[in-house]
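kindly return the folded structure for what I paste below:
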Amino acid sequence: MNDLAPLLTPEGRALLDEVRDTDPAHELAVATRLRRDHPAELVSAALGQARLRQRAVAKFGAEDAARMFFTPNGVEQSTRRSVAAYRAERLRAAGVRSVADLCCGIGGDAIALARAGIRVLAVDRDPQTAAAARANAEALGLAGLIEVREADVTEVDPAGYDAVFVDPARRSSRRGRIFDPEAYSPPLSWAVRAALQAPLAAALKVAPGIPHEAVPAEAEAEWISDGGDVKEAVLWFGTAPGTVRATLLPGSRTLVSRGLPDPGVRPVGRYLYEPDGSVIRSHLVAEVAEPLDGGLIDPTIAYVTSDALRETPFATAYEITDVLPFNVKKLKALLREREVGVLTVKKRGSAVEPEELRRKALPKPHGTASVTVFLTRVAGAPTMLLGHPVR
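Reported below is the predicted structural model:
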C-alpha cells in the first residue's frame, strides 16, 4: 500500500482490472486464488487499491475513481470533484491560466484545474502522495498540463504562475483534526503571505469551522456546501476583499453578505426554515430571513420562523403543526395517537441525542404517518416542534 510502483507495471495494472469489483466480504477467497499466480505483496496492494477506489467513487465518480490511484489519507482528505471544479472555474473566469497547487495531495484539485484548461505545478512533500498525483495526471490524460514535484511547499518559488492554491494539512496522526489555523501544515499565516504574492488571484482551502476573526482583511471568505453538506471554506485573494458568501452546489447558487443585523426573535409561526449549513457557517442567516419576513425562534438558534411560505434555495421549509415543551411521554402519546411510523429527529441547541429520543418516543411504529421533530429552544426554553417538510 505504501508503494504504487508495482501497481503501475503491466502486471499490476492487469491485476487492478481483475479485482476492481471485488466485494470486501470475498477478499480472502480472491486473495488466496490470485496468490497462486502473483506475488502476495502485489495481490495485497491491488486489493487495497480496489477498496480505496470503491470509497473514492463518492468524491470522484465511478469513471475517474476506477482509473485513479489513492492513498488512504488521499481518499479521506481530497476535495470532492464538484467542489474542485467550481473553484477551478472561478479561477479560470478570473483570467488565471497557470496555478501553483501547493499541498496538492493526490491531485484532485490539480485535475479540476487542468480540465479547466489551466497549467498546474502540483507540489507535495510526501513521496507516495506525489507519486499518486503523478499517476493520476497520467491516468486521466492530463500529464501535459500537470507537473508534479515532490518538495516542501515552503521551499517552492511560485513565481511565474498566475495564481496560488494552498490546501494545508488540517489533520495530525497524533492530534487528529486541527482547529487552530496556525497549527495547519503549513500555517495559515504562511499561506496568506504566499497568496498575497500571487499576480492575479489565490485560493486557500480552510476548515469550515475557521473563526471569522481569523479571516484576513484582504480575503473574501466563501463557505461551500454540496448536496446539503458543508464541505469547506475558501479564502480568496484578488477578488472582493471583505466579502462573505455561502455557495450551494450543485447549481452554484450563491448568497452574499449585505451586512444585515441579526434577525429579531419572534414566536414560532406556521413555517420553520432550516438554513443550509454553509449559510450558518458564513453567518448569513439574516440574509435568508429577510426575504422570508422571518425571525429567529431563539437568539442563539439558527432556525428561522415565518407565517409566509416562500421559496429559497438557502433553507429547507417545514410546516409546523405543534409547539410543545420538551416531554418524552407527551410526545410518545401524540405519536401513537397520530399513528406515526416514521420519525425524523433534528436538533439544534439541545443536549438530547436524536437516536435516544427516537428509541424512547417511538419504540414501535404505530402506522404509516411521518413526523419531523425538532429538539431546540424557543425563547430559551427546551421545546419540541413537530411538523413535516413542505414539498
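
which helix is the longest one in the chain?
The helix that spans the most residues within the chain, counting by DSSP state H, is helix 40-60.

which strands and helices sit next to that helix?
When contacts are defined as 3 or more Cβ pairs under 8 Å, 6 or more residues apart in numbering; DSSP states H and E, helix 40-60 packs onto helix 10-19, helix 27-34, helix 62-65, helix 72-77. (C-beta placed from N, C-alpha, C; glycine too.)

hey, which of those helices is tucked in deepest?
When neighbours are counted by mean count of other Cβ atoms under 10 Å, the highest per-stretch mean among those falls to helix 72-77, a mean of 17.

what sits up against that helix?
Residues from elsewhere that reach helix 72-77, judged by Cβ atoms under 8 Å, 6 or more residues apart in numbering: 1, 52, 55-56, 59, 105-106, 129, 132, 169-171.

write the PyMOL selection for whichever of the residues you listed are buried.
What follows is the PyMOL syntax for the buried subset of those, where burial is set by 16 or more other Cβ atoms under 10 Å:
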select buried, resi 1+52+56+59+105+106+129+132+169+170
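
identify the farthest-apart pair in the contacts of helix 72-77.
The most widely separated members of the contacts of helix 72-77 are M1 and R170, with 22.7 Å between them, by Cβ to Cβ.

strands of the stretch 101-250 of the chain, residue ranges please.
Along the stretch 101-250 of the chain, the stretches classed as strands by DSSP state E, counting those that start in this stretch are 119-124, 146-150, 163-166, 171-172, 176-177, 201-206, 220-226, 229-237, 244-249.

mind checking those strands for the one nearest to G341?
With Cβ to Cβ as the measure, strand 229-237 is the member of the strands of the stretch 101-250 of the chain nearest G341 (27.1 Å).

how about the contacts of helix 72-77 in JSON lines, adding distance to A379?
Listed next are the contacts of helix 72-77 as JSON lines, based on distance: Cβ to Cβ, whole Å:
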{"residue": "M1", "distance to A379": "55"}
{"residue": "L52", "distance to A379": "49"}
{"residue": "R55", "distance to A379": "45"}
{"residue": "A56", "distance to A379": "46"}
{"residue": "K59", "distance to A379": "42"}
{"residue": "G105", "distance to A379": "46"}
{"residue": "I106", "distance to A379": "49"}
{"residue": "T129", "distance to A379": "51"}
{"residue": "A132", "distance to A379": "53"}
{"residue": "A169", "distance to A379": "43"}
{"residue": "R170", "distance to A379": "37"}
{"residue": "R171", "distance to A379": "39"}
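
closest to P199 among the contacts of helix 72-77?
Proximity to P199 was ranked across these by Cβ to Cβ; first place goes to G105, at 24.2 Å.

what about the closest one, distance to V304?
When Cβ to Cβ, to the nearest Å is applied, the distance between G105 and V304 equals 37 Å.

next one: G251
Using Cβ to Cβ, one gets 21 Å for the distance from G251 to V304.

quick one: least confident helix or strand in the protein?
For the chain, using mean pLDDT, DSSP states H and E, the weakest element among its helices and strands is strand 171-172, scoring a mean of 70.

near D21, how many other residues are there?
For D21, the count of nearby residues is 10 (other Cβ atoms under 10 Å).

dihedrals phi and psi, it?
With angles defined as degrees, to the nearest 10, D21 shows backbone torsions of phi -100, psi 20.

now do the SS call for the nearest residue to D298 once chain neighbours are set aside.
In space, not counting the residues next to it along the chain, D298 is nearest to R377; the distance is 4.7 Å by Cβ to Cβ, 6 or more residues apart in numbering. Using DSSP: H, G, I helix; E, B strand; the rest coil, the secondary structure recorded for R377 is strand.
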